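K.L.:
coords please:
(3 chains)
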Amino acid sequence: MERRLPQFFFALSMIVLALMLGAIWQAGSPTWKTYQQEFHRLEAVGEPNAAAKSDVVNAALVIRQDLLPGLQRVDRCTTCHLGAEDPTMKNAPQPFAFHANLAPHIPARFGCTVCHGGQGLATDKQNAHGKVPFWQEPLLPREYIRASCGRCHKEGEVPGVPELADGRRLFETQGCRGCHKLNGVGGTIGPDLTEEGAIRRFPEWLERHFLDPNAVSRNSPMPNFHFTKEQARALTFYMLSLTSEQMGTYYSSVRLIPSASYGRELFVEKNCIACHSIGGVGAKNGPDLGQAAKQHSPGWLDEQLVNPQLIYPGSTMPAYDLETNARKAIIAFMASATAEDAQSILAQRTKPLTPEDAAIEAGKQSFARFGCVGCHGLQLQGGVPNPNSQGGEVPSLLHASDDYTKEEVIKIIQNGKVPPVENTAKPAAPLYMPPWKSVLTDEDIHRIADYLWSLQKKKDAW
Amino acid sequence: MNPFREAWQSIVRRDPLSTDKGKSELVFLNVWLHIHPAKVKKENLKVKHTFYLGFITFFLFLILVTTGVALMVYYRPQSPQAYQDMKDLQFVVYLGTFLRNMHRWAAHGMVICVFLHMCRVFYTGSYKRPRQFNWVIGVVLFLLTLGLSFTGYLLPWDQLAFWAITVGTNIGSYAPLMGARIRELLLGGHTVGESALLRFYVLHVAVLPALITLFTMVHFWRMRKDGGLSRPVWKLDQDEPAQLVTIGAPATIAPLAAVPASQDKTYGLMEVVTGRPIFETVSMEEEEDAVFSYPYAFFREGIALLVTVATVMAVSLFWKAPLEELANPAKTPNPAKAPWYFLGLQELVSHSALLGGVIVPTLAVLALIAIPYIDSNPSRRPADRKWAIRAFTLFVVVNVVLIIVGTFFRGPGWAFVPPWVHIAGAE
Amino acid sequence: MKRRSFVSWGTAGLVALCSGIGVSLAAVVRFLTPSVFYEPPQTFKIGDPGDFSYGPPTFLSEEKIFVFRDREKGFAVASAVCTHLGCTVGYFQSDERFHCPCHGSVFNADGTVQHGPAPRPLEWFEVTLARDGQLRVDKDHAVPASYRLVVSS
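P.N.:
Below you'll find the model as predicted:
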């Protein structure tokens, strides 16, 4: 035994040495190095002479990263995706292919994962593409990548991504807030959607959910809205854009892409046509804006919008409190607007409403905005299934005046109401009227009641 | 003399290892090795006696310190950078995955081995007089090991870490009077957050390693003073003859005195006053079955070290330490489980917070500490200790079963779900 | 160990130990060498050639470089870091020289030290044309002061 001990010791030392070398071998041959070598070979083809070729082929193999403190990310995608900014790699195979239309979203400022998803910290394919357990942001499928624009560009139209604005519009008009909170406003029957874009970045699931909620989420109280495929996709895009990721000021200042169409919206909202004309059409209190856009630089126009008194002291033009991008949008609209635009804007102006009509209109806006339509329907028809409640569904509001006085309805809106149960042995009904007194002002609630009362179907007269 | 030779001899000041004197001097002239006796009893070296578990536990600790310091170069104990650093260790740092794996598996191994070592010491009755207090030090070392593992568990700052420590500290808060206060001090707040991460880091890399080193020193010192590794149990049938040591030069000169063999094999000036250097006055033949530590003990220890290192390395090459998603205080995984060595505790807590979480574990630890003092049976023979052995075995089995139940038989909501039933739809 | 073998176990053990230590040391040094830098990159693009004016150099404050553009000779990029103790120098058109505010070093237009405590001339960095047509500066490659990148416009 004793004689063998040094031999054992030596043999074990050899084994430990072998394991050490095994670990070194495991660590020393990452796949990204292979990719970089291949890319260098591709690059060398385009070099003019042998010396340049050899320089390129023998270039050092390093992990490349884009440090993005403003986005709180570190993206190492360019370690393998080396041809992204190289136009000569247009026809190269992945991962070397050229990425068209990158500017201004260059990797040095934006990285890659903020649009594409994936795990930027990783340096091997599977982990980097995020298709691994415990990574919540896998690579987005091709058709959904544009939804990421909404992560930064949160207002107005985003050129090339109409789905975002469509989705937002659907969300506001279909009454989603009745059950779902978004940015603090909404109901509590369904989950809060403020971070939906961060929690559930699985577009296929989201789309199937919009087409038929019960198919993906068993026993969900969410009714089937019978969305078309396009609507479901628009809503999916909108969901994917919902994150409250903290982004540095450089990034958050681009919430709005200044576009002429958004400029037009602002133009109408601020009622510029009340004092100005375009192409000769409109009011004559201030200069014609089409002319002004031709005669002055955008910088000058911007100054005027910020402080009208600076250039024309004593001017009656009010100072509007507009963000940089909003001002850019208005100027863009002014540069492209014609007399026809002014005509259509004038035609859209409605006569001023009576105070009663204004209250009803405000009530209608609140009814849609705070999600009441989600359960009670756009035409107040109700009908959304509510298992085990008396009646089995959300009641129609068109006959509310038969059963309640206006004051009683106001109280119900303020304090909420749980529907009576059909069968006490079964679980309680999932849908209920939540209390709104902490969300809506008394005025809002009164206006909603006015709106409801304006639509009541009269009892058949005897 | 050749200047190289002189330089060498200024560093290595002992006789060559081919001589007995050299073999002795290698031990008692060397600061790292002199905790050993120059000679050990051959029977104490048998693997079947101790399984070298104490050594293995210590070597695992050394592996943990080495890999731990390496990991410290790339780790920041701050949220959320801690998680990013874990990812960097995995993707960017050379040998990062390997070192992290080594650290994790060595940690689990150390908890297991320190427990097995405790069992072995009990079963061989090695805690009996005069070694009672060393057993208590051992229990303290066991608790420190659990503490090190627990504090380290939080550092990756992923869901697994965050919720395991949330559960663990909440179990501790059930202790009456002190529980909530201790939890507050540990966490530096009301919940697991930035302060908790930093405090756990300080505990893990500075305070607890220092404490465990100090107690280990005492543990080793006491063992040496108590005679080294205790005699194997199967040798207890033979009577131990009274050992006498002859003090004097070898046979040619009449012995000056015969003194009882000292437990710790140290014969100092207090014991022998002859005016001559120790190694001239003490006969080296006092024990028939004693062999030199070099090479008998050292090669065996070296092999134990290599086996430990090789095993940890091999496991680290093939099994990855887990890393789940970033810690999210708003999202509790279902079920949320404490680290595996506390799962038995969590199982008890699920039945009764105060009884299961505080009273039973406290009594268990106190009982462990009391074992050498309540055990009045002087015999170490298994035949004479049937009930002690049965009681301890029951304790071990209950612990293991509780941990198995907690690990494999508890599903969402802490419902009892056998592992062979597929749990569908768990997110 | 009575039998003699070709290489005694002791020697073999020693060789194993030394190679093990050697490998470990090499691995430790490689481990400590950072693979990525949490700093702005040494190689970066500065824009299209057309973005830069002729005459006095364009100063890029974040990257701490001066970009020269000469009608005949082309582009050159100089470091704005004083070689004395690292302050950022400024270019003065009045005497077409670089002045360092910290200890008064003055560099000529080609980077050589005119007077002052600076021990070495200002560094010039390699500037090349990237495949997408932008100028690329590489701070890891120093070039002589006479280096120019000619860009056909």
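K.L.:
switch to C-alpha atoms for all contacts and neighbour counts from now on
P.N.:
OK.
K.L.:
Assumed C:Arg69 was part of a strand.
P.N.:
Yes: with DSSP: H, G, I helix; E, B strand; the rest coil as the criterion, C:Arg69 is located in a strand.
K.L.:
Wait, it touches C:Tyr54, no?
P.N.:
Yes: assessed by CA atoms under 8 Å, C:Arg69 is found in contact with C:Tyr54 at 5.0 Å.
K.L.:
So for these two, which sits in the more crowded spot?
P.N.:
The neighbour comparison of C:Arg69 against C:Tyr54 (other CA atoms under 10 Å in any protein chain shown) goes to C:Arg69, with 22 against 14.
K.L.:
which residues does that one contact?
P.N.:
With contact set as CA atoms under 8 Å, 6 or more residues apart in numbering or on different chains, C:Arg69 has these partners: C:52-55, C:57, C:75-76.
K.L.:
Apply 6 Å and report the result again.
P.N.:
Listed by CA atoms under 6 Å, 6 or more residues apart in numbering or on different chains, the contact set of C:Arg69 reads C:54, C:75.
K.L.:
I'd like to know how far it sits from C:Phe52.
P.N.:
Distance, C:Arg69 to C:Phe52, using CA to CA, to the nearest Å: 7 Å.
K.L.:
Can you name the next helix or strand after the lowest-mean-pLDDT helix or strand in chain A?
P.N.:
Every helix and strand of chain A was ranked by mean pLDDT, DSSP states H and E. The lowest is helix A:249-252, at a mean of 69. Scanning forward in sequence from helix A:249-252 by DSSP states H and E, the next helix or strand is helix A:260-269.
K.L.:
Pull out the buried positions in that following helix.
P.N.:
By neighbour count with 16 or more other CA atoms under 10 Å in any protein chain shown, helix A:260-269 contains the buried residues A:260-268.
K.L.:
ok, and of these, which contact chain B?
P.N.:
Among the buried residues of helix A:260-269, no residue sits close to chain B (CA under 6 Å from any CA of the partner chain).
K.L.:
Kindly reformat these as a markdown table and extend each row with pLDDT.
P.N.:
A markdown table is the format used below for the buried residues of helix A:260-269 (pLDDT from 0 to 100):
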| residue | pLDDT |
| --- | --- |
| A:Ala260 | 84 |
| A:Ser261 | 81 |
| A:Tyr262 | 81 |
| A:Gly263 | 87 |
| A:Arg264 | 88 |
| A:Glu265 | 84 |
| A:Leu266 | 84 |
| A:Phe267 | 88 |
| A:Val268 | 86 |
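K.L.:
Now A:Ser54: which helix or strand?
P.N.:
Judged by DSSP H and E, A:Ser54 forms part of helix A:50-57.
K.L.:
helices or strands next to that helix in the packing?
P.N.:
Where contact means 3 or more CA pairs under 6 Å, 6 or more residues apart in numbering or on different chains; DSSP states H and E, helix A:50-57 is packed against helix A:31-45.
K.L.:
Need the contact partners of the helix it packs on.
P.N.:
Applying CA under 6 Å, 6+ apart, the external contacts of helix A:31-45 come out as A:53, A:56-57, A:80.
K.L.:
Out of those residues, who's the most crowded?
P.N.:
Busiest of the contacts of helix A:31-45 [other CA under 10 Å] is A:Cys80, holding 25 neighbours.
K.L.:
Need the pLDDT of that one.
P.N.:
pLDDT, A:Cys80: 95.
K.L.:
Need the per-residue pLDDT for A:Arg64.
P.N.:
Note for A:Arg64: predicted pLDDT of 93.
K.L.:
ok, it - how many residues close by?
P.N.:
19.
K.L.:
list the contacts for the closest residue to chain B within the stretch 101-250 of chain A?
P.N.:
Using CA to the nearest CA, A:Phe134 is the residue of the stretch 101-250 of chain A that sits closest to chain B, at 4.7 Å. For A:Phe134, the contact set (CA under 6 Å, 6+ apart) comprises B:324-325.
K.L.:
SS state for it?
P.N.:
Per three-state DSSP, A:Phe134 ends up coil.
K.L.:
And it, its phi and psi?
P.N.:
A:Phe134 has phi and psi values of phi 70, psi 10 when expressed as degrees, to the nearest 10.
K.L.:
Now do whatever residue of chain A ends up closest to chain C: how many residues are near it, please.
P.N.:
Using CA to the nearest CA, the single residue of chain A nearest to chain C is A:Asp86, 5.2 Å away. Other residues near A:Asp86 come to 18 when the count uses other CA under 10 Å.
K.L.:
wouldn't it be in contact with C:Ala130 here?
P.N.:
No: assessed by CA atoms under 6 Å, A:Asp86 is found out of contact with C:Ala130, at 7.8 Å.
K.L.:
who are the neighbours in contact with residue 122?
P.N.:
Just going to use chain A. Neighbouring residues of A:Ala122 by CA under 6 Å, 6+ apart: A:128, B:91.
K.L.:
Switch to chain C, please.
P.N.:
C:Leu122 makes contact with C:Gly111, according to CA under 6 Å, 6+ apart.
K.L.:
rewinding a little: what distance separates the following helix or strand past the helix holding A:Ser54 from the centre of its chain?
P.N.:
Note on helix A:50-57: by DSSP H and E, the next helix or strand toward the C-terminus is strand A:66-68. With CA atoms, centre = their mean, to the nearest Å as the basis, strand A:66-68 stands 23 Å off its chain's centre.
K.L.:
is strand A:66-68 anywhere near chain C?
P.N.:
No: using CA under 6 Å from any CA, strand A:66-68 never reaches chain C; the gap is at least 7.1 Å.
K.L.:
next structured bit after that strand?
P.N.:
Remark: after strand A:66-68, the chain's next helix or strand is strand A:73-75, criterion DSSP H and E.
K.L.:
For the helix or strand just after that next one, which helices and strands make contact with it?
P.N.:
Next helix or strand after strand A:73-75 toward the C-terminus (DSSP H and E): helix A:107-110. With contacts defined as 3+ CA pairs under 6 Å, 6+ apart, helix A:107-110 has no helix or strand neighbours.
K.L.:
for helix A:107-110, what is the average pLDDT?
P.N.:
Throughout helix A:107-110, pLDDT has a mean value of 90.
K.L.:
How about stretch B:136-144?
P.N.:
97.
K.L.:
Extract the CA atoms of it and return them as CSV.
P.N.:
Once non-C-alpha atoms are left out, stretch B:136-144 reads as follows in CSV (Å, rounded to 0.1, in the frame of the first residue of the first chain):
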residue,chain,number,x,y,z
VAL,B,136,-19.5,21.8,20.5
ILE,B,137,-17.0,23.7,18.4
GLY,B,138,-17.9,21.3,15.6
VAL,B,139,-21.6,22.2,16.0
VAL,B,140,-20.6,25.8,15.8
LEU,B,141,-18.7,25.1,12.7
PHE,B,142,-21.7,23.3,11.2
LEU,B,143,-23.9,26.4,11.9
LEU,B,144,-21.3,28.7,10.4
